[in-house]
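*Asks:* How does the following fold in three dimensions:
(chains A and B)
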Amino acid sequence: MSKAGVVHPKPSMKSVLLRGSFIIMALYIALYVVYVVQQPRALGAGAIASLFNNTVPLALASAGQAIVVLSRGFDLSLAGVVSITNVVMAVYPLEGPGGALASLAICLAIGAVVGAVNGWLVAYLRIQAIAATLATMIVCQGVALLILDAPGGTVAEWVSYELTDRIFNFIPVSGLILGAVVCLWLLARKTDFGIALYAIGADEHAARLSGIPVLKVRFFAFVLAGMIYGLAGYMLSAQTATGSPTAGEPLLMLSFAAVALGGTSLSGGKGGLFASVMGAATLMLLQKVLFSSGVSSFYTGIFQGAVLIIAVMFSALLTRLGERKNK
Amino acid sequence: MTSRSQNTSYIAVPDKRGNAKVSRETISAVSVAVLCVVILLGSRFISPSLGSWSQVETVLTLGSFLVVLSFGQGLVILSGGLDLSLPALITLGGVLSTAWVGAGNPDALFLLPLVLVGCGLVGSFTAVGVVWLKVPPFIMSMATSIMVASATLGMTNGTTRGAAPELLTDLMKSQIAGVPASILLLLAFVFFGWVLQARSVFGRHVYAVGTNDQAARIAGIPVTLTQFLPYVISAVCAGFVGMMLVGYSNGATLRMGDNYLLPSIAAVVIGGSSILGGRGTFLGTVGGAILLTTLGTVISAIGLNFGLRTIIEGSIILIALLVLRDEFFERLRAFRRP
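*Replies:* Predicted structure coming up:
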């Protein structure tokens, strides 16, 4: 399947500036300035690394979610995959760098298997994505409970130390891993698969008529997303150093919030993975800023909700403005 | 696959509408009901204490929470939206009716409806965001949920006080002519819900708007109002579920709504509705809710550990989804008329 003769119009300066990823970057930087003004220590390498460590599990989970959302789907199994990988890491710790690699492979495999089941149900058996992944999520939660029925266990020391550490005392390892995923995505979106993913999300029927193997692409979108959730569970385990059968649940709703904050349309075809990662980072940073401003932790939800509504409205408004200018 | 979908759109299709006198919604509602009865009777083989009349009563009482909740959820889904704020509203309804109204309050009959009005106001907040500000329903209702949950937490300072007003305990615990009042309430609610969704003008409008809001607007249907009201109704239903739960367990907790969001969506989908709106029946949803509750009670009575129970529950939802697929019904019809 060759994509010869596809001409991409060069985007204008304005439309680049109005894209979701730039808006969310601007929001993040503004929030970060507020954070630094409140907490001058925040510029230290240690504080930056801990911010990264807090952010990376949600950021990865949102990255996987973004891939499914782009193809016009929903994936609730995220919560299940993260929980399973977390309890596996805590119940079967493998020491040393070799063990860490083996654990990583196991986590990715778990994600791929769950993703394949989702993809099969949604693409080939045509069950509505939200319903199919709801069922797989419940099954996964059951599996997680079978492996570990109450919070406990310890993650391998090598994983929980090295993966939350800094290289040369400056670059956070978790940040590198997140960066690697984003870079891989930037490469993948230029491939046939990436283009097909956007095409299916925008108009499935048109995509099918132009010869895109819709079912296969949708299937692999779920598999890929599942593997990224596996990685998210791996990084979450490194950060918490312990296991919980419900570890993934708090990430589920926040992942949708992050995807939407990044300007990715929940009806598919528009947006990207990087913007969703930034959306996740903004949500986590917002919590820190609210905490350091002395807002009672009871009430942080009110601010989170308000920011979510305003940001989504704002990015929709700017996108509309950008589209009008381009015409 | 590609060639098939291409061909059918160009070749004149013989009119087969007469063959499908029984709509797929009716088939799925009936098959869900049959499945419930089979599970309940089948559970007798596992343990003789199961499958009795008292167990049916338990299932109906526990199921009534989910039925009321998924009526609202189903209406919102039918109109083309989704409501994720239900758990927060259940908790709000529950906490207000214990902490603010409380036991022994002579004005309960007047204050409890006021709590429902409050829930309705929260629902209209979601609706304003969705209908006028064009925030996607998923995001808007999630934001409402986060904000309401956080406000409830702040209001109560993290601990819930008070007991259920007698009015609510009477509603859930008393018997009228030997039948539990909660079951009579359920039957009345199902009738009321069915009339509103299937037989009223408003219900017809919701179907039209959920199928195609542009076409509905051209046809002169008040689209804005029709998209607005389901969120209000859904919020009031959730608040009422909070009250029912308070009456049933004589107290409120801050997490009392958490386990109801996903079942409310699952009940609607298992009942044969499209998650994209415009298709589905309330009776199907009722069947879905009762099926989920039946499963829950039977599985928990077997005495397996929690993990296995969860796996079985998930697998059965999956099987129900596989069985109730569109293609399955098409095959069924093709089989009837070779």
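
*Asks:* distance of A:Thr164 from A:Ile171?
*Replies:* 13 Å (CB to CB, to the nearest Å). (Each C-beta comes from the backbone N, C-alpha and C, glycine too.)

*Asks:* Settle it for me: which of the two has more neighbours?
*Replies:* When A:Thr164 and A:Ile171 are compared for neighbours, A:Thr164 comes out ahead with 19 against 16, by other CB atoms under 10 Å in any protein chain shown.

*Asks:* ok, the residue nearest to that one when sequence neighbours are not counted - contacts?
*Replies:* Distances taken as CB to CB, 6 or more residues apart in numbering or on different chains place A:Asn53 nearest to A:Thr164, at 4.9 Å, with adjacent residues excluded. The contact partners of A:Asn53, by CB atoms under 8 Å, 6 or more residues apart in numbering or on different chains, come to A:164, A:172, A:174, A:239.

*Asks:* So A:Asn53 versus chain B, what's the distance?
*Replies:* Here the criterion is CB to the nearest CB, to the nearest Å. By it, A:Asn53 lies 24 Å from chain B.

*Asks:* Relative to B:Val246, how far out is that residue?
*Replies:* 41 Å.

*Asks:* and what of B:Ala143?
*Replies:* Applying CB to CB to B:Ala143 and B:Val246 gives a distance of 26 Å.

*Asks:* next one: A:Gly243
*Replies:* Distance from A:Gly243 to B:Val246, by CB to CB: 35 Å.

*Asks:* before we move on, what about A:Val312?
*Replies:* For A:Val312 relative to B:Val246 (CB to CB), the value is 34 Å.

*Asks:* Looking at those two, which one has more neighbours?
*Replies:* Between A:Val312 and B:Val246, counted using other CB under 10 Å, B:Val246 has the larger neighbour count: 29 against 25.

*Asks:* shouldn't that one be in contact with B:Leu96?
*Replies:* No. Here B:Val246 lies out of contact with B:Leu96, judged by CB atoms under 8 Å, at a distance of 9.5 Å.

*Asks:* In terms of helix, strand or coil, where does B:Gly81 fall?
*Replies:* coil (DSSP: H, G, I helix; E, B strand; the rest coil).

*Asks:* ok, the nearest residue to B:Pro165 once chain neighbours are set aside - how many residues close by?
*Replies:* Of all residues not flanking B:Pro165 in the chain, B:Ala108 sits nearest, at 4.2 Å (CB to CB, 6+ apart). B:Ala108 has 19 neighbours, counted by other CB under 10 Å.

*Asks:* Point me to the residue of chain A nearest chain B.
*Replies:* Chain B sits closest to A:Gly301 of chain A, with a gap of 2.5 Å, by CB to the nearest CB.

*Asks:* Quick check: the closest residue to that residue other than its chain neighbours vs B:Leu92, distance?
*Replies:* In space, and not counting its chain neighbours, A:Gly301 is closest to B:Ser150: 2.5 Å by CB to CB, 6+ apart. Look at B:Ser150 and B:Leu92: by CB to CB, they are 11 Å apart.

*Asks:* same question, A:Gly153
*Replies:* For A:Gly153 relative to B:Leu92 (CB to CB), the value is 36 Å.

*Asks:* With A:Trp120 instead?
*Replies:* Taken as CB to CB, the span from A:Trp120 to B:Leu92 is 40 Å.

*Asks:* what do you get for A:Ser276?
*Replies:* Distance from A:Ser276 to B:Leu92, by CB to CB: 30 Å.

*Asks:* next helix or strand past whichever strand or helix holds A:Ala232?
*Replies:* Assigned by DSSP states H and E, A:Ala232 falls within helix A:214-240. With elements assigned by DSSP H and E, the helix or strand that comes after helix A:214-240 is strand A:242-243.

*Asks:* following that next one, which helix or strand comes up?
*Replies:* helix A:249-261.

*Asks:* Could you list the buried residues of that next one?
*Replies:* A:249, A:251-261 (16 or more other CB atoms under 10 Å in any protein chain shown).

*Asks:* picking up where we left off before, comparing A:Trp120 and B:Leu92, which shows the higher neighbour count?
*Replies:* Ranked by neighbour count (other CB under 10 Å), A:Trp120 and B:Leu92 place B:Leu92 first, with 26 against 16.

*Asks:* contacting residues for the more buried one?
*Replies:* With the criterion set at CB under 8 Å, 6+ apart, B:Leu92 makes contact with B:118-119, B:122, B:148, B:152, B:239, B:242.

*Asks:* Please apply the same query to B:Glu57.
*Replies:* So B:Glu57 contacts B:180, B:183 (CB under 8 Å, 6+ apart).

*Asks:* so how far is B:Ile183 from it?
*Replies:* Counting by CB to CB - B:Glu57 and B:Ile183 are separated by 7 Å.

*Asks:* Same question for A:Arg218.
*Replies:* Distance from A:Arg218 to B:Ile183, by CB to CB: 44 Å.

*Asks:* show me where chain A has helices.
*Replies:* A:13-17, A:20-38, A:45-70, A:78-91, A:96-119, A:129-147, A:157-162, A:173-188, A:192-202, A:204-209, A:214-240, A:249-261, A:273-292, A:300-326 (DSSP state H).
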